[in-house]
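*Asks:* 3D, please:
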Amino acid sequence: MDNHVITETDLENYRNYLLRCEKRKLTIEKYIRDLRKLNEFLGDREITKESLIDYKKYLIDNYSVSSINSMLSAVNSYMEYAGWTCYKVKALKSQRKVYCPKEKELTKEEYFRLVDTARKKHRERIGLIIQTICSTGIRISELDYVTVEAAEKGEITVECKGKYRQVFMPKKLQEYLIQYIRQQNIGDGRIFVTKSGTRMNRSNIWKEMKALCREARVPESKVFPHNLRHLFARTYYTMEKDIAKLADLLGHSSIDTTRIYIMTSGEEHRRQIEEMKLV
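*Replies:* So this is what the prediction gives:
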């Protein structure tokens, strides 16, 4: 690492370092992807404080604040690893959002239309994946823990960053999963796999969800796996108003993260303002 560049060999060594640090696989892949994006921007230039500031300006012109900070986090992590701490760059400061854009908020009605469309098109697997994420609040990366054994028990044991949490299945979901297991002759292990038997990934699932949009009359901007988890969070919070319990259910270590999940488009707040009749 005498020259301030990041080679493919350096990336492989860094990947192994992250594995030894027990970072999640998805986190590792994102860091590597973000570092390759940095290399693409730099071209033949070496890493210097000035070149990284230029990269930050490029990101500001092309990405949202949250995406920029996420990519800079990957860069700064590598700078720490390489011993180039003097080149680290500051993250952008942003005020916490109060509402999410209305065009991105998936409603319960739209969710059910997606599920109904999957049934009509005989796409049982994606229909069940949608219902599993939305009714339990698990992450898409946690679908691996939805196994035959978990369905029989009605309870999913999820491991994330060395921590374990129990996730209960609604009775109806448990029945649907057991029926699907029998239809597909799945003996044990993961329920949701590809035709070749490999794990379903984010790309597979997103593509299948998008294929339902037009017939379900749901805008594509609202249809991505993580939005199902947000719908679970908003629905639970509307019923219980217990953000600490919701954080536990979602597997969050910080309530600040959970606050992001329960943001609405602001329509409810607008109605409340009107009902106050102070004008």
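
*Asks:* what helix or strand is the residue nearest to residue 42 when sequence neighbours are not counted on?
*Replies:* Nearest non-adjacent residue to residue 42, counting by CB to CB, 6 or more residues apart in numbering: residue 51, 6.0 Å away. From N, CA and C alone the C-beta is placed, and that goes for glycine too. Using DSSP states H and E, the element containing residue 51 is helix 49-62.

*Asks:* got the CA positions of that helix in PDB?
*Replies:* The C-alpha trace of helix 49-62 is given here as PDB (Å, rounded to 0.1, in the frame of the first residue of the first chain):
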ATOM      1  CA  LYS A  49      -7.200  14.600   0.300                       C
ATOM      2  CA  GLU A  50      -7.900  16.800  -2.700                       C
ATOM      3  CA  SER A  51      -9.000  13.900  -5.000                       C
ATOM      4  CA  LEU A  52     -11.400  12.500  -2.300                       C
ATOM      5  CA  ILE A  53     -12.900  16.000  -1.800                       C
ATOM      6  CA  ASP A  54     -13.400  16.100  -5.600                       C
ATOM      7  CA  TYR A  55     -15.100  12.700  -5.300                       C
ATOM      8  CA  LYS A  56     -17.300  14.000  -2.600                       C
ATOM      9  CA  LYS A  57     -18.300  17.000  -4.800                       C
ATOM     10  CA  TYR A  58     -19.200  14.500  -7.600                       C
ATOM     11  CA  LEU A  59     -21.400  12.500  -5.200                       C
ATOM     12  CA  ILE A  60     -23.200  15.700  -4.100                       C
ATOM     13  CA  ASP A  61     -24.000  16.500  -7.700                       C
ATOM     14  CA  ASN A  62     -25.400  13.000  -8.400                       C
END
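
*Asks:* for the next helix or strand after it, which helices and strands make contact with it?
*Replies:* The C-terminal neighbour of helix 49-62 among helices and strands, as given by DSSP H and E, is helix 65-82. Helices and strands touching helix 65-82, by 3 or more CB pairs under 8 Å, 6 or more residues apart in numbering; DSSP states H and E, are helix 8-20, helix 25-42, helix 49-62.

*Asks:* kindly calculate the angle that the longest one makes with helix 49-62.
*Replies:* Here helix 25-42 points in a direction 110 degrees away from that of helix 49-62 (axes from the mean of the first three to the mean of the last three CA atoms, to 10 degrees).

*Asks:* contacting residues for residue 134?
*Replies:* When contacts are counted by CB atoms under 8 Å, 6 or more residues apart in numbering, residue 134 touches 111, 228-229, 231-232.
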